[in-house]
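Undergrad: here you go, sequence then predicted model.
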Amino acid sequence: MSSNIINTTQKLKEVAIFCDGACSGNPGPGGWGTILRFGETEKELSGFQLYTTNNQMELTACINGLQSLKEPCKVIITTDSQYLVNAFNKGWLVQWKKNGWRTSGKTPVKNRDLWETLEKLCGNHQIEWKWIKGHAGHPENERCDKLAVIAREQGSSQRP
């Protein structure tokens with residue numbers, strides 16, 4: 001999804017972003033993990049929140065990955081979050097906005113602040129969203145899950 005116009009005459013760098021979130025309790029302490037790959041170069045990112053949900057961590061992982069990009073890119077985002085992928089691939093986000101940030105059931109969209117941040121970041125890039133089954137042996141997804149769990153555990157252990 002791209003809401004801003006990107007100069008298509010320039011060749012955009014192709015970047016892969018893999019992201020995952022983890023939460024102990026839902027809500028509860030959570031972590032997120034992201035891998036960015038450009039050619040042979042990889043960068044791993046992760047973080048912690050004391051009180052959050054799994055969906056918030058999924059969104060946060062993706063947001064942090066996109067925030068790390070320094071210029072417009074062609075991005076393939078791979079995640080095990082259907083919530084995240086379907087919002088873009090099935091047009092949920094467009095519909096939520098059209099409905100005044102309400103779901104088809106007329107309830108307020110959860111995590112609106114994160115969705116708005118993510119949508120703004122997406123406008124800078126050409127993005128393809130790919131869903132993969134979680135905990136099914138996908139190497140980058142497994143690594144992102146591990147980063148998220150480590151961040152969650154380390155963050156939780158440092159709290160009183």
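TA: Looks like it arrived, so ask away.
Undergrad: so which bits of the helix or strand bottoming out on mean pLDDT in the chain are buried?
TA: None of the helices or strands of the chain scores lower by mean pLDDT, DSSP states H and E than helix 139-157, at a mean of 93. Burial within helix 139-157, assessed by neighbour count using 16 or more other Cβ atoms under 10 Å, is assigned to 140-149, 151-152, 155. To be clear about C-beta, it is placed using only N, CA and C from the backbone, and glycine gets the same treatment.
Undergrad: equivalent analysis for stretch 115-126, please.
TA: Neighbour-count burial for stretch 115-126 [16+ other Cβ under 10 Å]: 115, 117-119, 121-122, 124-126.
Undergrad: off-centre distance for it?
TA: Between the centre of stretch 115-126 and the centre of its chain there are 11 Å (Cα atoms, centre = their mean, to the nearest Å).
Undergrad: residues contacting S24?
TA: 30, 152, 156 (Cβ atoms under 8 Å, 6 or more residues apart in numbering).
Undergrad: pretty sure the second one contacts F48?
TA: Yes - if you go by Cβ atoms under 8 Å, R152 and F48 touch, sitting 6.0 Å apart.
Undergrad: for K74, which three-state class applies?
TA: strand (DSSP: H, G, I helix; E, B strand; the rest coil).
Undergrad: check contacts around it.
TA: 12-15, 125-126, 128.
Undergrad: give me the phi and psi for I35.
TA: For I35, the backbone dihedrals are phi -120, psi 130 (criterion: degrees, to the nearest 10).
Undergrad: so what's it closest to, chain neighbours aside?
TA: Nearest non-adjacent residue to I35, counting by Cβ to Cβ, 6 or more residues apart in numbering: F18, 4.4 Å away.
Undergrad: swap in V149?
TA: A22 is the one closest to V149 (Cβ to Cβ, 6+ apart), at 4.9 Å.
Undergrad: okay, now that neighbour: neighbour count?
TA: 24 (other Cβ atoms under 10 Å).
Undergrad: surely it meets A148?
TA: Yes - contact criterion Cβ under 8 Å: A22 and A148 qualify, at 3.9 Å.
Undergrad: any residues in contact with both of those two?
TA: Common contacts of A22 and A148 (Cβ under 8 Å, 6+ apart): 30-33, 57.
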